[in-house]
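1. below are the sequence and a predicted model for it; my questions follow.
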Amino acid sequence: MIIKVCGFTRSRDVEKACELGVDMIGVILVEGSKRQVDVDQARNLLSSATAKKVVVCKPSSVENLLLLERTLEPDYFQLHPSLSVQELQRARESLDAGLILVVPVPPAGAEAEQLVEQAKELEPLADYLLIDTKGPHGGGTGITHDWSVSRRIVERCDTPVLLAGGLNPFNVEQAIRTVRPAGVDVASGVEQAPGIKDEELMREFVEKARKVSA
């Protein structure tokens with residue numbers, strides 16, 4: 001079970017997450033996010049990480065991504081929808097970093113088959129698909145969505161799927177049992193305040209996710 005913790009703003013939290021055995025840590029460059037950091041902050045945060053480094057962004061172009069890659073040297077870019085399939089193909093061919101492509105699911109009234117088709121279109125270009133609850137800035141809503149939709153995407157796609165959206169230490173076991181994802185992604189569910197992680201919540205999240213997937 002891959003465990004990703006996202007939305008870091010403090011190096012001490014990055015270091016603690018890595019000590020707890022988190023597999024991926026994420027920093028967010030998306031404008032308007034409550035956990036947004038600038039490029040210099042992102043570089044400092046990522047320098048503290050021993051886990052895989054993920055940069056979450058909504059790039060305006062492939063050239064923008066290439067510049068970010070030279071500056072931040074991430075293992076993965078997590079991309080919310082902003083580039084066309086053709087641009088994603090070019091990014092795939094040009095980047096050394098892998099791609100985590102987001103499939104946003106509305107918190108209510110999701111059209112499951114439409115979302116499955118969207119995921120199927122993206123999966124040849126993705127190292128991971130990430131299913132997150134749709135919000136005004138992409139994800140990061142702290143709200144769950146219909147996990148039966150996520151389960152259908154997992155069942156229909158060969159690319160590994162990470163589940164996000166309102167996860168916390170109290171529901172992660174149920175989420176994993178229901179969706180059977182390759183990994184889980186958490187931000188607000190392990191925080192004292194936006195971008196400020198809580199060590200005990202992170203520890204509990206990691207322990208429960210590992211236990212249920214063992």
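-> Received it, and whenever you're ready, just let me know what you need. Residues are numbered from 1 along each chain as shown.

2. hey, let's count contacts and neighbours off CA atoms from now on
-> Will do.

3. residue contacts, Ile196?
-> 8-10, 13 (C-alpha atoms under 8 Å, 6 or more residues apart in numbering).

4. ok, what's across the strand from it?
-> Ala193 (DSSP bridges).

5. gap between it and Arg92?
-> 32 Å (C-alpha to C-alpha, to the nearest Å).

6. repeat that for Val37.
-> Distance from Val37 to Arg92, by C-alpha to C-alpha: 25 Å.

7. what about Asp198, neighbour count?
-> With neighbours defined by other C-alpha atoms under 10 Å, the count for Asp198 comes to 17.

8. I'd like to know how far it sits from Ile143.
-> Distance from Asp198 to Ile143, by C-alpha to C-alpha: 19 Å.

9. repeat for Ala108
-> 10 Å.

10. now do Asp132
-> From Asp132 over to Ile143 (counting by C-alpha to C-alpha), the distance is 9 Å.

11. could I get the buried residue list for the helix or strand where Glu63 lies?
-> Assigned by DSSP states H and E, Glu63 falls within helix 62-72. For helix 62-72, the neighbour count (16 or more other C-alpha atoms under 10 Å) marks 62, 65-66, 68-69, 72 as buried.

12. what does stretch 159-173 give?
-> Under 16+ other C-alpha under 10 Å, the buried positions of stretch 159-173 are 159-169, 172-173.

13. do the same with stretch 124-131
-> Buried, per 16+ other C-alpha under 10 Å, within stretch 124-131: 125-131.

14. just the CA coordinates for it, please, in CSV.
-> Output in CSV follows, covering the C-alpha atoms of stretch 124-131 (Å, rounded to 0.1, in the frame of the first residue of the first chain):
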residue,chain,number,x,y,z
PRO,A,124,-1.6,5.2,-20.9
LEU,A,125,0.1,8.5,-20.0
ALA,A,126,0.1,8.0,-16.2
ASP,A,127,2.4,6.2,-13.8
TYR,A,128,-0.5,6.6,-11.3
LEU,A,129,-4.1,7.8,-11.6
LEU,A,130,-5.2,9.7,-8.5
ILE,A,131,-8.9,9.9,-7.8
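
15. now that stretch, how far from the centre of its chain.
-> 10 Å (C-alpha atoms, centre = their mean, to the nearest Å).

16. ok, now stretch 145-157?
-> Taking mean C-alpha positions (C-alpha atoms, centre = their mean), stretch 145-157 and its chain are 16 Å apart.

17. contacts for stretch 166-179, please.
-> 133, 141-145, 147-148, 150-151, 154, 184-186, 188-190, 201-202, 204-205, 208-209, 212-213.
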